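S.K.: no sequence on hand, only this structure:
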């Protein structure tokens with residue numbers, strides 16, 4: 001039986017006045033442990049220099065940043081800010097900053113895999129991927145072939161789906177190739193992703 005534990009991340013409007021002060025308040029008063037940003041939703045380029053003070057502060061305070069760097073359905077949300085490759089400039093300018101690419105940057109998972117391979121402090125989560133089983137399988141298989149399964153973090157997209165449903169789907173990842181000659185994702189590699197110690201990886205105490 002696992003003990004349920006909640007660890008909160010803050011979210012801010014990074015271009016607004018007082019953003020840095022809000023980070024201080026959220027960490028020191030509320031005890032939050034990371035930051036969630038969505039450039040495509042918040043309508044800014046991830047490498048906009050005006051946002052750099054936020055990244056600098058996060059790096060100094062040891063706060064990982066989870067980026068929704070993936071497609072969205074909203075008509076007015078600019079996809080030009082959504083591609084995961086836009087985070088490479090951030091990773092290069094803030095090499096100690098822990099970066100997580102949400103949803104493996106779908107539908108650009110291949111770009112995300114290439115980046116987490118070359119950037120030591122960049123990771124990806126697998127939340128919201130099982131809705132598209134074939135794409136999910138191919139992304140996981142490609143990540144395995146590149147030897148980057150250790151850079152994946154288990155995620156659920158809660159409350160849209162549940163941890164139990166997400167766990168079931170990843171454990172049955174290979175069903176789409178059952179009875180074919182297509183190489184599977186080894187079950188032991190799937191187990192490693194499920195049991196990855198995300199807190200240790202991200203430096204969260």
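M.R.: Nice, thanks for sending it over. Small disclaimer: the values here were computed from a predicted structure and weren't measured.
S.K.: the residue most distant from the middle of the chain, which is it?
M.R.: Going by Cα atoms, centre = their mean, the residue of the chain most distant from its centre is residue 179, 32.1 Å out.
S.K.: can you pull the contacts of it?
M.R.: By Cβ atoms under 8 Å, 6 or more residues apart in numbering, residue 179 lies in contact with nothing. Quick note: C-beta positions are derived from backbone N, CA and C, even for glycine.
S.K.: helix, strand or coil for it?
M.R.: Of the three states, residue 179 takes coil according to DSSP: H, G, I helix; E, B strand; the rest coil.
S.K.: okay, it: pLDDT?
M.R.: For residue 179, the pLDDT comes out at 95.
S.K.: for residue 159, see how far away it is.
M.R.: 35 Å (Cβ to Cβ, to the nearest Å).
S.K.: what does residue 117 give?
M.R.: 32 Å.
S.K.: the two: which is more packed in?
M.R.: The neighbour comparison of residue 117 against residue 159 (other Cβ atoms under 10 Å) goes to residue 117, with 14 against 6.
S.K.: quick one: pLDDT of the closest residue to the more buried one other than its chain neighbours?
M.R.: What sits nearest to residue 117 in space, not counting adjacent residues and going by Cβ to Cβ, 6 or more residues apart in numbering, is residue 148, at 5.2 Å. Note for residue 148: predicted pLDDT of 98.
S.K.: residue 205 now?
M.R.: Residue 205 carries a pLDDT score of 84 in this model.
S.K.: what number of residues are in the vicinity of the closest residue to it other than its chain neighbours?
M.R.: In space, and not counting its chain neighbours, residue 205 is closest to residue 199: 7.6 Å by Cβ to Cβ, 6+ apart. When counting by other Cβ under 10 Å, one arrives at 12 neighbours for residue 199.
S.K.: before we move on, what about residue 205?
M.R.: 7.
S.K.: list the contacts of the residue lying closest to residue 155 once chain neighbours are set aside.
M.R.: With Cβ to Cβ, 6+ apart as the criterion, residue 155 has its nearest non-adjacent residue at 3.1 Å, and that residue is residue 127. Counting by Cβ under 8 Å, 6+ apart, residue 127 touches 102-103, 155-157, 166.
S.K.: low-confidence ranges, this protein, go.
M.R.: By pLDDT under 70, the weakly predicted segments of the chain are 1-3.
S.K.: which residues of it fall in strands?
M.R.: 9-11, 34-37, 65-67, 99-101, 122-125, 152-153 (DSSP state E).
S.K.: can these go into a markdown table with extra columns for mean neighbour count?
M.R.: Shown next, in a markdown table, are the strands of the chain (neighbours: other Cβ atoms under 10 Å):
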| stretch | mean neighbour count |
| --- | --- |
| strand 9-11 | 17 |
| strand 34-37 | 22 |
| strand 65-67 | 23 |
| strand 99-101 | 26 |
| strand 122-125 | 24 |
| strand 152-153 | 23 |
